[in-house]
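Colleague: Pasting the sequence and the predicted model now:
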Amino acid sequence: MGKILSQEEIIKIVKDGQKIGKTFAATNGCFDILHVGHVRYLQKTKSLADYSIVMLNSDKSVKSIKGDSRPINNQDDRAELLTALSCVDYVVLFEEKSPASLLEQIKPDIYTKGADYTIETLPEREIVIKNNIKVEFIDFVQGKSTTGIINKISK
């Protein structure tokens, strides 16, 4: 079994791991053009638990959020790049705009989001509260974004 898992596989791994005291931190995103901001965010996520999970937006999901010109890199390439990072233990794809349904099924110990959110504005707020999932907000690296890279290239 590699690092890129089906939803059923990751749910089983988390459930089995938690039974023996292992902790899991999950996050989500498009991770379209990987940059240092992403890496630092993922390193912080990994530092919070024994294992880290990236719930990765599928190509269909990215298009519905970012528009027809995105993603730049397809879901297979984005997943493979993420698995090459030592701070990422598992990657699982989801098709919806939001990872809410998958998050509720996985039930990680910790869920990380960018610090542009608060518990009040968190789209997954009800799920994390209902399932007693701890939320950690991680600061962004100033000036680092996929959109910024795209804009710089297109100039």
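Modeller: Here it is on my side, so go on. Numbering: from 1, shown residues only.

Colleague: and the residue of the chain most remote from its centre, how far is that from S69?
Modeller: The outermost residue of the chain, judged against the average C-alpha position, is K155 (29.4 Å), by Cα atoms, centre = their mean. Distance of K155 to S69, given as Cβ to Cβ, to the nearest Å: 16 Å. Where C-beta positions appear, they are placed from N, C-alpha and C, glycine not excepted.

Colleague: do the same with Q105
Modeller: 31 Å.

Colleague: And for F24?
Modeller: Distance, F24 to S69, by Cβ to Cβ: 34 Å.

Colleague: higher neighbour count, the two?
Modeller: Taking neighbours as other Cβ atoms under 10 Å, F24 and S69 compare with F24 leading, 25 against 8.

Colleague: which residues touch that one?
Modeller: 14, 17-18, 49-53, 106, 108-110 (Cβ atoms under 8 Å, 6 or more residues apart in numbering).

Colleague: Filter those residues down to the buried ones, ChimeraX style.
Modeller: To isolate the buried ones among the contacts of F24 in ChimeraX, judged by 16 or more other Cβ atoms under 10 Å, type:
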select :14,17,49,51,52,53,106,108,109,110
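
Colleague: if we take the contacts of F24, which one ends up nearest to A84?
Modeller: Of all the contacts of F24, A84 sits closest to S52, with 13.6 Å by Cβ to Cβ.

Colleague: give me the element that closest one is part of.
Modeller: Per DSSP states H and E, S52 falls inside strand 51-57.

Colleague: The protein: helices as residue ranges?
Modeller: Counting by DSSP state H, the chain has these helices, from start to end: 7-19, 36-47, 59-66, 75-83, 100-106, 125-130, 146-154.

Colleague: Could you list the buried residues of stretch 96-116?
Modeller: Using 16+ other Cβ under 10 Å as the test for burial, stretch 96-116 gives 98-100, 102-103, 105-113.
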